[in-house]
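Undergrad: Model the structure of this input:
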Amino acid sequence: MTVIDPNAVPKKTLANGEQIPCIGMGTFGSDRYGAQEVSDAVAGAIRCGYRMFDCASVYGNEDQIGEVFAHAFAAGEVKREELFLISKVWNDMHGKGDILLSCAKTLKDLQLDYLDAYFVHWPFANYHTPGCSGDSRNPDSKPFHTEDFMAAWRQMERLHDMGLVRNLGMSNMTIPKLEAVLPLCRIKPTLIEMELHPAFQQPELFRYCVDRGMQPVGFCPIGSPNRPDRDKAEGDVVDTAMPAVEAAAKAHGIHPALVCLKWAVQNGQIPIPFSVHEKNYVSNLQCVTEDPLTAEEMEAIRLADQNCRLVKGQVFLWPGATDWRALWDEDGVIVQ
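TA: Okay, the predicted model is just below:
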């Protein structure tokens with residue numbers, strides 16, 4: 001196995017002064033890979049030099065990944081303080097006291113004393129059964145309400161106070177939602193997860209977060225070709241087939257997926273690609289340590305933005321809402 005020196009991987013500095021690697025590994029196996037395959041990939045990724053992992057309770061694999069972490073610590077492969085470990089609370093655990101319980105279970109499953117960051121996975125308590133179809137709807141789903149979100153966020157702040165979580169994060173937010181909640185936060189998020197790839201760059205939201213000291217973490221950084229079928233729609237852009245991406249790949253002699261990752265890191269977000277294949281996750285990490293894209297290539301990719309959201313979230317719609325765009329406040333107001 002090729003080993004990349006973790007010190008060669010650039011770092012980002014968060015608003016609280018903590019450092020975080022500029023690239024991590026996601027652990028969402030989609031509907032394609034089981035918990036064992038994902039945890040095996042995490043084990044290999046630690047050995048090859050990854051020091052950041054993005055987990056979530058809903059992925060259903062934190063207990064197996066915890067075994068990997070415990071083994072790596074015991075074997076001296078890595079020290080706990082050398083890793084930046086993220087998890088997220090799922091939508092069905094926003095109730096009073098539930099986020100504390102969810103975090104406790106994640107810590108137990110991951111065999112950790114603390115998390116480097118903990119995220120509210122989606123900004124509402126709407127949830128679906130695992131593996132459901134894209135047209136599945138939960139009759140209990142509701143639109144976003146500031147009061148409901150802040151009740152959840154107060155629990156997040158409590159976890160931070162207790163020393164169980166070092167950074168708080170939000171995910172799948174919009175500017176109107178952030179405008180509603182940020183003034184009410186006692187402890188503001190240092191990290192924001194959002195969908196980011198060449199075909200969906202979200203420049204306004206990205207800039208909004210950066211200007212307020214919130215570091216963007218980008219999921220689907222190469223367009224997530226293995227995303228669940230329910231998240232695939234006619235007209236979706238394939239990032240690795242975009243002419244600007246293909247041209248840069250040809251110029252550098254690399255796979256177009258690696259161009260997407262170089263672009264992400266040079267653009268300022270932290271991508272979290274996932275692969276179970278060793279050659280892929282090794283090259284994903286190695287590519288950010290060498291041969292950067294030129295300013296001209298970066299500009300060509302910036303101009304190629306297609307505003308093509310892949311994870312539309314339609315399974316979270318509430319009764320009466322018929323279009324997934326209602327989740328994303330595209331007219332600048334929170335849709336009720």
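
Undergrad: quick one: the residue nearest the centre of the chain from residue 250, how far?
TA: In the chain, the centroid-proximal residue (Cα atoms, centre = their mean) is residue 219; its distance is 4.3 Å. Plainly put, residue 219 is 27 Å away from residue 250 if you go by Cβ to Cβ, to the nearest Å. Bear in mind the C-beta positions are built from the backbone N, C-alpha and C, glycine included.

Undergrad: now swap in residue 137 and tell me
TA: In this structure, residue 137 and residue 250 are separated by 44 Å, where distance is defined by Cβ to Cβ.

Undergrad: Looking at the two, which is more packed in?
TA: residue 137 (16 against 11; other Cβ atoms under 10 Å).

Undergrad: OK, contacts around that one?
TA: Residues touching residue 137, when contacts are defined by Cβ atoms under 8 Å, 6 or more residues apart in numbering, comprise 315, 317, 319.

Undergrad: hang on, isn't the last one packed against residue 143?
TA: Same thing as residue 319. No: with contacts defined as Cβ atoms under 8 Å, residue 319 does not count as touching residue 143, sitting 10.2 Å away.

Undergrad: Which of these two has more residues huddled nearby?
TA: A side-by-side neighbour count of residue 319 and residue 143, using other Cβ under 10 Å, places residue 143 first with 16 against 11.

Undergrad: in the stretch 1-150 of the chain, which spans are helices?
TA: Per DSSP state H, counting those that start in this stretch, the stretch 1-150 of the chain has helices spanning 35-48, 62-74, 98-110, 146-161. These are given in chain order.

Undergrad: Reformat those into a markdown table and put mean neighbour count next to each item.
TA: Formatted as a markdown table, those follow (neighbours: other Cβ atoms under 10 Å):
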| stretch | mean neighbour count |
| --- | --- |
| helix 35-48 | 20 |
| helix 62-74 | 18 |
| helix 98-110 | 19 |
| helix 146-161 | 17 |
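
Undergrad: Just put those in a markdown table and tack on mean pLDDT and distance to residue 238.
TA: Compiled in a markdown table, these are given as follows (pLDDT from 0 to 100; distance: least, Cβ to Cβ, whole Å):
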| stretch | mean pLDDT | distance to residue 238 |
| --- | --- | --- |
| helix 35-48 | 97 | 23 |
| helix 62-74 | 98 | 29 |
| helix 98-110 | 98 | 34 |
| helix 146-161 | 98 | 34 |
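
Undergrad: quick one, which of those helices is nearest to residue 258?
TA: Nearest to residue 258 among the helices of the stretch 1-150 of the chain is helix 35-48 (15.2 Å), distances taken as Cβ to Cβ.

Undergrad: To what extent is the nearest residue to residue 101 once chain neighbours are set aside buried, counted in neighbours?
TA: Beyond its immediate neighbours in the sequence, the residue positioned closest to residue 101 (Cβ to Cβ, 6 or more residues apart in numbering) is residue 93, lying 6.9 Å away. By other Cβ under 10 Å, the residues close to residue 93 number 21.

Undergrad: Residue 93 contacts residue 102, doesn't it?
TA: Yes: using Cβ under 8 Å, residue 93 makes contact with residue 102 at a distance of 4.1 Å.

Undergrad: Could you pull out the residues contacting both of these two?
TA: What both residue 93 and residue 102 touch, as defined by Cβ under 8 Å, 6+ apart, is the set residue 57.

Undergrad: which ones are touching the nearest residue to residue 64 once chain neighbours are set aside?
TA: Ranked by Cβ to Cβ, 6+ apart and with sequence neighbours excluded, the top spatial neighbour of residue 64 is residue 39, at 3.9 Å. For residue 39, the contacting residues are 61, 64, 65, 67, 68, by Cβ under 8 Å, 6+ apart.
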